[in-house]
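Student: Structure for the following, please:
(one chain, ligands or ions: 1)
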Amino acid sequence: MKDRKTLFIIFGATGDLAQRKLYPALFNLYQKGFLKDHFAVIGTARRPWSNERLQEVVRNSVAGMENNALEINQFASHFYYQAHNVNDTEHYNTLKKLANQLDEKYQLDGNRIFYLAMSPSFFGTIAKHLRSQKLVTENGYNRLVIEKPFGHDLASAQALNDDIAQYFDEKNIFRIDHYLGKEMAQSIYAIRFANPIFSSLWNNRYISNIQITLGEVLGVEERAGYYENVGALRDMVQNHILQLVALLTMNAPVSYKDVDIEREKISALKSLKVYEPDEVRQNFVRGQYGAASGMPAYRDESQVDPQSMTETFVAGKIFVNNMNFAGIPIYIRTGKRMAVKGTRIDIVFKDMPNNIFSNEKLNPNILTINIDPTPSTSLRLNEKEVSEENYPVSSVKLNFKHSSALKAKTPEAYEKLLLDVIKGDSTNFVHWEEVRYSWRFVDAIRKAWDEMDENPAIFPNYDCGSMGPREADELLIHDGNYWEFNPLR
Ligand code: BG6
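Tutor: Residues are numbered from 1 along each chain as shown. Predicted coordinates for the structure are as follows:
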């Protein structure tokens, strides 16, 4: 059955995430018939809004996506607002009454999705009250959806998890990493496990190195208040980059089912080589952008400390020490104010063991997965060049690029992930054990950097519009490699 019965309760309904991502995603699901007559949304936040006010905000956030005005009004009529203080037990009783009324009105069979689009410091309190005030139903499903940041180190993540786990089972906790909702990130499973040519080569006998870039052109925008205490390592590496590393290095799961996938992802992240401080110095580079091309330095952005030591760029060399990947350097980098917005993975294969074309230098085969902005997969091969010369060999590229029609049809990450929550499928979510091993890895880097603060990094050390500091290139040059993705070359 397509029309899924669900009550969404969104904590943080007046916020940016709800307006930019959640309401449009729900509207797409509505247009596709996954949500139809049997759904309702309760938006909560501290502000004293009315149902009408929320409905107006919802209409505005989906404006332009509708086929007709009637559709948009019908969709918005399923939204209800309840002003709510998350620390006030009495407010949960009021919320429960409304939830029960809507359950009856829309015949929702007690199915509830609690979406916490707010600061993690409230997760524990909300989870506790949902249970104690019996917003959690007995007859339907009850799923908790949470957003990052999931702690700021392993200890705080563990405390947060212990708190929530008292009230919700792991299988009902859906930790969002929006990169897992991206079409080409999900495609990694097909590339690896549906193609014998790749599955048989996907190991340390044939792969020379892996390169992952998550470049952004934007700076910190209005988020400096958050970003100053977080930095690129926690903002992008702990979650998005390590999730991609897990997808690229996990062993083949028994099946494409959440339990099987998460088992292998956990194992990959558990196999990350955790660095000693000295190794961090050799294998990780941090950067902060300085003014260039008319753009201000990070330290001159509003709400940023003029002496800030927060990194806006990270590059590193990672090892996953399992049987298939031990010894393969995985180079990663991410940064704000880089030359291009681009999320790209390059799998660089090893050279031929023997080159019979002695006059020709053979380029390595490279499989490139472009996640953003234009989804594509390409494979670099060597071919004979048409020529009268003896035997010239040169590289060609087989390229499958998503057409604009295909791109337009591709659901946005949040739409896919919300549908998965409705279906109860946690394949593309992050298990607690994954969070644990990711923090264990990241904490070792953070700790080494904090200890170096007596002898601190020299910031700023890269220009707006560049591909990061020189040291990020040297990391590869040192191994005889270079970044394949270089839009400035
Ligand atoms: C978020 C980070 O998780 O991901 C942001 O907090 C970053 O700082 C964003 O800009 C990047 O996401 P995307 O989908 O635009 O690559």
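Student: Around the ligand, pick out the residues from the stretch 151-300 of the chain.
Tutor: 178, 216, 235 (Cβ under 6 Å from any ligand atom). C-beta coordinates here come from the backbone N, C-alpha and C atoms, glycine included.
Student: Could you tell me whether the last one really is in a helix?
Tutor: I take that to be residue 235. Yes. Residue 235 sits within a helix when classified using DSSP: H, G, I helix; E, B strand; the rest coil.
Student: tell me the contacts of the closest residue to residue 81 other than its chain neighbours?
Tutor: For residue 81, ignoring the flanking residues on the chain, the nearest one in space by Cβ to Cβ, 6 or more residues apart in numbering is residue 54 at 4.0 Å. By Cβ atoms under 8 Å, 6 or more residues apart in numbering, the contact list for residue 54 reads 13, 43, 79, 80, 81.
Student: nearest to the ligand, of those?
Tutor: Nearest to the ligand, judged by Cβ to the nearest ligand atom, of these is residue 13 at 20.2 Å.
Student: That closest one - how many residues pack around it?
Tutor: For residue 13, the neighbour count with other Cβ atoms under 10 Å is 30.
Student: Please name the residues that touch it.
Tutor: Here residue 13 is in contact with 42, 43, 44, 45, 54, 81, 117 (Cβ under 8 Å, 6+ apart).
Student: Stretch 157-171: which residues count as buried?
Tutor: 157, 160, 161, 164, 167, 168 (16 or more other Cβ atoms under 10 Å).
Student: Quick check: the first one touching residue 433?
Tutor: No. Counting by Cβ atoms under 8 Å, no contact exists between residue 157 and residue 433, whose distance comes to 11.4 Å.
Student: and the spatially closest residue to residue 402 that is not a sequence neighbour, what pLDDT?
Tutor: Excluding the flanking residues, the one nearest residue 402 by Cβ to Cβ, 6+ apart is residue 375, at 4.2 Å. With respect to pLDDT, residue 375 scores 95.
Student: Might you report the residue contacts of residue 375?
Tutor: 183, 184, 187, 401, 402, 407, 410.
Student: SS state for the most centrally placed residue in the chain?
Tutor: The chain has residue 179 as the residue nearest its centroid, 2.9 Å off, counting by Cα atoms, centre = their mean. Following three-state DSSP, residue 179 is assigned to helix.
Student: likewise residue 71?
Tutor: helix.
Student: Make sure it is actually in contact with residue 31.
Tutor: Yes. Using Cβ under 8 Å, residue 71 is in contact with residue 31, at 7.2 Å.
Student: Excluding chain neighbours, give the residue nearest to the residue of the stretch 51-200 of the chain found nearest the ligand in space.
Tutor: Nearest to the ligand, among the residues of the stretch 51-200 of the chain, is residue 178, at 6.0 Å (Cβ to the nearest ligand atom). Spatially, and ignoring its direct neighbours in sequence, residue 178 is nearest to residue 413 (4.6 Å; Cβ to Cβ, 6+ apart).
Student: now do residue 269
Tutor: That would be residue 437: by Cβ to Cβ, 6+ apart, it lies 3.8 Å from residue 269.
Student: Just say helix, strand or coil for that neighbour.
Tutor: Applying three-state DSSP: residue 437 is helix.
Student: contacts for stretch 140-150?
Tutor: With contact meaning Cβ under 8 Å, 6+ apart, stretch 140-150 is reached by 5, 17, 108-117, 120, 123, 127, 130, 136, 157, 160-161, 164, 168, 172-177, 230, 234-235, 239, 421, 424, 430, 435.
Student: right, I mislabeled it, should have said stretch 296-309
Tutor: 219-220, 224-225, 228, 288-291, 310, 312, 336-337, 453, 456-457, 459-460, 464.
Student: For the ligand, what's its nearest residue on the protein.
Tutor: For the chain, Cβ to the nearest ligand atom, closest residue to the ligand: residue 235, 4.8 Å.
Student: what mean pLDDT does stretch 250-261 have?
Tutor: Average pLDDT, stretch 250-261: 97.
Student: my bad, stretch 458-465
Tutor: Mean predicted confidence for stretch 458-465 is 96.
Student: Output that stretch in PDB, but only the C-alpha positions, please.
Tutor: Output of stretch 458-465 as PDB, limited to C-alpha atoms (Å, rounded to 0.1, in the frame of the first residue of the first chain):
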ATOM      1  CA  ILE A 458      49.700  29.200  11.200                       C
ATOM      2  CA  PHE A 459      46.300  30.500  10.100                       C
ATOM      3  CA  PRO A 460      45.100  31.600   7.700                       C
ATOM      4  CA  ASN A 461      47.000  29.300   5.300                       C
ATOM      5  CA  TYR A 462      44.800  29.100   2.200                       C
ATOM      6  CA  ASP A 463      43.100  31.600  -0.100                       C
ATOM      7  CA  CYS A 464      39.400  31.800  -0.700                       C
ATOM      8  CA  GLY A 465      38.900  30.100  -4.100                       C
END
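Student: Go through that stretch and flag the buried ones.
Tutor: 459, 460, 461, 462, 463, 464, 465.
Student: Next: stretch 330-350.
Tutor: Quick answer for stretch 330-350 (16+ other Cβ under 10 Å): 330-340, 342-349.
Student: Now do the end-to-end distance for that stretch.
Tutor: End-to-end span of stretch 330-350 (Cα to Cα, to the nearest Å): 14 Å.
Student: where's it relative to the chain centroid, distance-wise?
Tutor: In terms of Cα atoms, centre = their mean, to the nearest Å, the centre of stretch 330-350 is set 15 Å apart from its chain centre.
Student: could you give the mean pLDDT of that stretch?
Tutor: 98.
Student: swap in stretch 115-134?
Tutor: pLDDT averaged over stretch 115-134 gives 96.
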